[in-house]
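Enquirer: my questions concern the predicted model and sequence given below.
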Amino acid sequence: MSNSGSSISPQIALVQEWGRGFEERNVDILAKSLDKDFRYVAYPRSLNQPEKTKEEWLQHVKEVFSLWTESEVSYLRYDLNPFRRR
């Protein structure tokens, strides 16, 4: 059995790279893993959205990225044991 901390499958590496692409809002990172024949199909088909080529989809994603704003999330720590010393 291999140590999961030392080896990452290609699938996990791809998901991590896509996550980084979205986090950095960098379509070049996303484009690296797309096939040259990539087609984006919107579902349900009843929306009557045309298929998009790789270039059309990346342009759409770039436009969506430009609309995103920064947001910070805050949270309160909830301790299940209020008597535990910190």
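Expert: Nice, thanks for sending it over. Numbering: from 1, shown residues only.

Enquirer: which SS class is the most centrally placed residue in the chain?
Expert: Nearest to the geometric centre of the chain sits Gly19, at 3.8 Å (Cα atoms, centre = their mean). Three-state call for Gly19 (DSSP: H, G, I helix; E, B strand; the rest coil): helix.

Enquirer: per-residue confidence at it?
Expert: For Gly19, the model assigns a pLDDT of 90.

Enquirer: same question for Asp79.
Expert: Asp79 is assigned 60 on the pLDDT scale.

Enquirer: next one: Glu55
Expert: 96.

Enquirer: equivalent analysis for Gln49, please.
Expert: Each residue has a pLDDT score; the one for Gln49 is 92.

Enquirer: can you count the residues close to the nearest residue in space to it that is not next to it in sequence?
Expert: In this structure, Gln49 finds its nearest non-sequential neighbour in Ala42, 3.8 Å apart by Cβ to Cβ, 6 or more residues apart in numbering. C-beta coordinates here come from the backbone N, C-alpha and C atoms, glycine included. When neighbours are defined as other Cβ atoms under 10 Å, Ala42 has 12 of them.

Enquirer: helix, strand or coil: sort out Ala42 for me.
Expert: Applying three-state DSSP: Ala42 is coil.

Enquirer: re earlier: ok, now how distant is the residue nearest to the centre of the chain from Val41?
Expert: According to Cβ to Cβ, to the nearest Å, Gly19 stands 23 Å off from Val41.

Enquirer: please apply the same query to Val64.
Expert: Separation of Val64 from Val41 (Cβ to Cβ) stands at 17 Å.

Enquirer: just the CA trace of the lowest-mean-pLDDT helix or strand in the chain, in PDB.
Expert: Lowest mean confidence among the helices and strands of the chain (mean pLDDT, DSSP states H and E): helix 10-24, at a mean of 91. Below are the C-alpha coordinates for helix 10-24, written out as PDB (Å, rounded to 0.1, in the frame of the first residue of the first chain):
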ATOM      1  CA  PRO A  10      -3.200  12.000 -12.200                       C
ATOM      2  CA  GLN A  11      -7.000  12.500 -11.500                       C
ATOM      3  CA  ILE A  12      -6.300  14.200  -8.200                       C
ATOM      4  CA  ALA A  13      -3.600  16.300  -9.700                       C
ATOM      5  CA  LEU A  14      -6.000  17.500 -12.400                       C
ATOM      6  CA  VAL A  15      -8.700  18.400  -9.900                       C
ATOM      7  CA  GLN A  16      -6.100  20.300  -7.800                       C
ATOM      8  CA  GLU A  17      -4.900  22.100 -10.900                       C
ATOM      9  CA  TRP A  18      -8.400  23.100 -11.900                       C
ATOM     10  CA  GLY A  19      -9.100  24.300  -8.400                       C
ATOM     11  CA  ARG A  20      -5.900  26.500  -8.600                       C
ATOM     12  CA  GLY A  21      -7.100  27.800 -12.000                       C
ATOM     13  CA  PHE A  22     -10.500  28.900 -10.600                       C
ATOM     14  CA  GLU A  23      -8.900  30.200  -7.400                       C
ATOM     15  CA  GLU A  24      -6.400  32.300  -9.400                       C
END
